[in-house]
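# model the following, please.
(one chain, ligands or ions: 2)
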Amino acid sequence: MKIFSADQIYQADKSTIQKEQIKSEELMERAAAQLFEWLHSRLRGTQVNIQLFCGIGNNGGDGMALARMLHEHGYSIKVHVVNYSDKRSEDFLLNLERLKDLKVWPDFINKESDLPEISPNDIVVDAIFGIGLNRVPDDWVGKLIGHINDSRAFVLSVDVPSGLSVDRAPWNTSYVIQASYVLSFQLPKLIFFLPETGVYLNQWEVLDIGLNQDFIANTEADFELIGRPEVLPMYRPRLKFSHKGTYGHSVIVGGSYGKIGAVQLASNACLSVGSGLVSAFVPKCGYDSLQTAVPEVMVLTGSRDKNISRIEIPFEPSVVGIGVGIGQDDDTIDAFSSFLKKIKLPMVIDADGLNILSKNPELLKDVPQLSVLTPHPKELERLIGHWESDFEKLEKAKEFALQHNLVIVIKGAHTITIYNGKGYVNTTGNPGMATAGSGDVLTGMITGLMAQGYPSVEAAIFGVYLHGLAGDVGASKKGYEALKASILVDSIGDAYADLLRQPEIEQNEGN
Ligand SMILES: NC(=O)C1=CN([C@@H]2O[C@H](COP(=O)(O)OP(=O)(O)OC[C@H]3O[C@@H](n4cnc5c(N)ncnc54)[C@H](OP(=O)(O)O)[C@@H]3O)[C@@H](O)[C@H]2O)[C@H](O)CC1
Ligand SMILES: [K+]
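Ligands and ions are numbered 1, 2, ... in the order given. Now for the predicted structure:
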C-alpha cells in the first residue's frame, strides 16, 4: 500500500472530486459515514458518553458530521468546537449548521474557557487537527490536548492524532494526542511507523473513502507499506527439475572468539530460507562447534584461531554475507578491506562489517553496487551521521543509498528498506524479536534469498517481511519474552507456509 505525503493526499482528494463530479462535502460525508459505521458496529447502541473535540477545518468537519450521525442513532454526545482560528472551512461550517438544525449545540472552547470534564469511561473523538496542521498548536490548545491525554478515556483519532504533522517531527511533543485508535482515510501515514511518532498511537486502521484509484495507482509515492499483497508477487517458487546448484552457494563470513554463534545463526537461517549450499568462513576456533551445530553447513577456516585475518574462498560464491560477530581487530579490518577489493557481486554487510565501513569510509567505494547493508539505528548513525528527527534520518539514508547505489535496511519495530530514493516499510514482527542474534538471522536470510536469484532490493524487502513473520509465528507459540534467535530460524518454514497459504475457503461453501 502506498504512503502519500500530505500534498499528495490533497491532490487525491481533488482528483476524486473532479472525476466523480461530487462536492467536497460529499467526500466528508463518506468519511464521516465510515467513521460512524466503525464506531456503531462496535458500540451497537451502548450508552456511553461520547465527547467529540472538533477543530475548525475539515478534520473538525469530519467530527461534526460524525456527531450528527451518532446523534441521529440515539448516542449520547457532547460536541466541543476547539476554536483555534477564525478561518473555518466551508465544509466545517456546513456541518456545524446541520448539527444545529438537529438542535445539538456545541460548546466553543477558546483560550479563556475552562477545560471540560472527561471521565475515564467516556469515549473521546479527536477531530482537532488533521493533515492540515502546519505549525505548533497554541499553548491553550496544547493544554487541552494534555487534558485529554490525562483523562485515560479511550481516544479515537480521526485521520491522525492531533498535533502530529504528516511530514515532519512534532514541534512540541506534549501537544500531541495519545490515540488509543486512529481511523485514517484511504492510506496509512508514514508517522504511524516511525519510532518518534508511532508512539502516539496504539492501533490504526485505514477507512476506504473511495478516493480516485487511478490517481493513487499512477502517483509515485516516496514510501510503501509492505504487507502480504506486496510480498507475494516477489516469491520465487522452486522448480520441479532443479538441484541444489539452482539455488546458489552462499558464504557467511564472520565470527571471532566467543562470537561463533552469530555465524551459526546466520548460516542456519541462510539454509532455512532456501539457499542450495551454504559455507561459513570463520576463524579456526569456530570449526568444531559449527560442524556440530549445523551439519548441513560446510566450514572454511582462516589461518588464525580467534579472529579472521585473511579471507580466501576457494570457489566462486553466488553471494557473500559478511560481518556477523567478525570483530574489529586491525588484521580483520585489513582482511575485510582486501576482500572488498576482490569481490564484485552484491553482498550483504552487517554488524562489525558496517562499523568497519563507518571507521574507514574510504572502503565504501569498494563495496559492490546493489549490496545490502543492514544497520540498526546506532550502526546507521555511525555510517551516515547524526540526525535530528526520523524524517531527517530517512532523508540522509536515502541520500547515502543513492550516492553509493546500495540498499539500506534500517532495522527497527517497522524496518524500512531504502533503495533508489524510496522507502519500503515492513509490517511484520513484534517486540519479542528485540533479542540477541535476531539481526544475524536476518543477514543469513537476505543472503540466502540473493543466492536463489532474488535481486538485492527484493531479497531485502522479502527477507525482512519473512523474518518478521517468523517472529510472529515463533511468538504465537513461545510468547515475546522467550523468543530467541534460534526460534526465529526454526520458524522460517512456518513463515513461508503462512505467507503462501491459500485464502480460507468458506467451510460451508457448496452445502
Ligand atoms: N482525502 C482525505 O483524506 C479527506 C480528508 N478529510 C479530512 O480533512 C482533513 C484535512 O483538513 P484541512 O482543513 O486541510 O486541515 P485541518 O483540519 O487539519 O486543519 C485546519 C486548518 O488549521 C490551520 N492550522 C494548521 N495548523 C494550525 C495550528 N497549529 N494552529 C491553528 N491553526 C492551524 C490550517 O489553516 P491555516 O490557513 O491557518 O494555515 C489548516 O488548514 C483530513 O485530515 C481529514 O480529516 C475530508 O473530510 C475528506 C477527504
Ligand atoms: K485528528
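
# residues from the stretch 1-150 of the chain in reach of ligand 2?
Taking C-beta under 5 Å from the ion, the part of the stretch 1-150 of the chain that reaches ligand 2 is made up of Asp126. No exception for glycine: its C-beta is placed from N, CA and C like everyone else's.

# cool, the chain as well?
Asp126, Ser157, Val158, Ser162.

# my guess is Arg98 contacts Leu66, does it?
No - contact status for Arg98 versus Leu66: not in contact, 11.6 Å apart, counting by C-beta atoms under 8 Å.

# higher neighbour count, those two?
Neighbour totals were compared for Arg98 and Leu66, and Leu66 leads with 30 against 16 (other C-beta atoms under 10 Å).

# would you agree that one falls within a helix?
Yes - with DSSP: H, G, I helix; E, B strand; the rest coil as the criterion, Leu66 is part of a helix.

# who's in contact with it?
Leu66 makes contact with Ala32, Leu35, Phe36, Leu39, Leu52, Val125, Ala127, Val158, according to C-beta atoms under 8 Å, 6 or more residues apart in numbering.

# returning to that earlier point: from the residues of the chain next to ligand 2, pick the one nearest Lys240.
For the residues of the chain next to ligand 2, the closest approach to Lys240 (C-beta to C-beta) belongs to Ser157, at 51.3 Å.

# how about low-confidence regions in the protein?
Applying pLDDT under 70 to the chain flags residues 504-511.

# domain parsing for it?
The chain breaks down by automatic domain parsing into domains covering 2-219, 231-500.

# what parts of this protein come near ligand 1?
Residues of the chain that fall close to ligand 1, judged by C-beta under 6 Å from any ligand atom: 9, 12-13, 27-28, 31, 55, 57-62, 84-85, 87, 89, 129-138, 158-159, 185-186, 211.

# just the strands in the stretch 351-500 of the chain please.
372-373, 407-410, 416-419, 422-426 (DSSP state E, counting those that start in this stretch).

# how about the strands in the stretch 151-300 of the chain?
Secondary structure of the stretch 151-300 of the chain (DSSP E, counting those that start in this stretch): strands at 154-158, 179-185, 201-207, 223-226, 249-253, 277-282, 298-301.

# the contacts of Leu66 in strands, which ones?
Within the contacts of Leu66, residues falling in strands by DSSP state E are Leu52, Val125, Ala127, Val158.

# confirm that Ile56 sits in a strand.
No - per three-state DSSP, Ile56 lies outside any strand segment and is coil.

# can you name the residues that contact the spatially closest residue to it that is not a sequence neighbour?
For Ile56, ignoring the flanking residues on the chain, the nearest one in space by C-beta to C-beta, 6 or more residues apart in numbering is Arg88 at 4.3 Å. Residues near Arg88 by C-beta under 8 Å, 6+ apart: Ile56, Gly57, Leu96.

# re the thing from before, return the most buried member of the strands of the stretch 351-500 of the chain.
strand 372-373 (a mean of 28; mean count of other C-beta atoms under 10 Å).

# that one pairs with which strands, parallel or anti?
strand 348-349 (parallel), strand 407-410 (parallel) (DSSP bridges).

# distance from the chain centre to the first one, please.
In terms of C-alpha atoms, centre = their mean, to the nearest Å, the centre of strand 348-349 is set 21 Å apart from its chain centre.

# ok, the last one next?
Relative to its parent chain, strand 407-410 has a centroid offset of 13 Å by C-alpha atoms, centre = their mean.

# contact partners of that strand?
Applying C-beta under 8 Å, 6+ apart, the external contacts of strand 407-410 come out as 370-375, 377, 380, 393-394, 397, 400-401, 415-419, 442, 446, 456-457, 460, 464.

# in PyMOL, how would I select just the buried ones from these?
For the buried members of the contacts of strand 407-410, the matching PyMOL selection, counting by 16 or more other C-beta atoms under 10 Å, is:
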select buried, resi 370+371+372+373+374+375+380+393+394+397+400+401+415+416+417+418+419+442+446+456+457+460+464
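
# which of the contacts of strand 407-410 fall within helices?
377, 380, 393-394, 397, 400-401, 442, 446, 456-457, 460, 464 (DSSP state H).

# still on that earlier bit, and which of the contacts of Leu66 is nearest ligand 1?
Nearest to ligand 1 among these: Val158, at 5.4 Å, using C-beta to the nearest ligand atom.

# I figured that closest one hits Ile131, correct?
No - using C-beta under 8 Å, Val158 is not in contact with Ile131; the gap is 10.6 Å.

# ok, the two, which is more surrounded?
Of the pair Val158 and Ile131, Val158 is the one with more neighbours under other C-beta under 10 Å, namely 32 against 24.

# what bridges to the closest residue to the more buried one other than its chain neighbours?
Distance criterion C-beta to C-beta, 6+ apart; nearest residue to Val158, sequence neighbours excluded, is Ala127 at 4.3 Å. Applying DSSP bridges to Ala127 gives these bridge partners: Cys54.

# so what's the residue count around Ala127?
Neighbours of Ala127 (other C-beta under 10 Å): 32.

# surely it is in contact with Ile56?
No - Ala127 is not in contact with Ile56 according to C-beta under 8 Å; the separation is 10.4 Å.

# ok, back up a step: from the residues of the chain next to ligand 1, keep the buried residues only.
Looks like these have 9, 12-13, 27-28, 31, 55, 57-62, 84, 89, 129-133, 137, 158-159, 185-186, 211 buried, using 16+ other C-beta under 10 Å.

# on that earlier part again, would you list the domains of the chain in CSV and tack on distance to Leu225?
Shown next, in CSV, are those (distance: least, C-beta to C-beta, whole Å):
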stretch, distance to Leu225
domain 2-219, 6
domain 231-500, 5
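
# just those domains: most buried one?
domain 231-500 comes out most buried of the domains of the chain by mean count of other C-beta under 10 Å, with a mean of 20.

# any idea how far that one is from the chain center?
With C-alpha atoms, centre = their mean as the basis, the mean position of domain 231-500 lies at 19 Å from the chain mean.

# which non-adjacent residue is nearest Asp329?
Per C-beta to C-beta, 6+ apart, closest to Asp329 is Asn307, 4.9 Å.

# tell me the secondary structure at that neighbour.
At Asn307 the chain is in coil, as set by three-state DSSP.

# shouldn't it be in contact with Gly254?
No - using C-beta under 8 Å, Asn307 is not in contact with Gly254; the gap is 10.5 Å.

# shared neighbours of the two, anything?
Ile326.

# in the stretch 401-511 of the chain, which residue sits nearest ligand 1?
At 19.1 Å from ligand 1, Val425 is the closest residue in the stretch 401-511 of the chain, using C-beta to the nearest ligand atom.

# residue nearest the middle of the protein, spatially speaking?
His414 (3.1 Å; C-alpha atoms, centre = their mean).

# list the contacts for it?
Residues near His414 by C-beta under 8 Å, 6+ apart: Phe193, Leu194, Gly198, Val425, Asn426, Thr427, Gly429.

# spatially, what comes nearest to it if we skip its sequence neighbours?
Using C-beta to C-beta, 6+ apart, the nearest residue to His414 is Phe193, at 4.0 Å.

# tell me how far the one you found lies from Tyr200.
12 Å (C-beta to C-beta, to the nearest Å).
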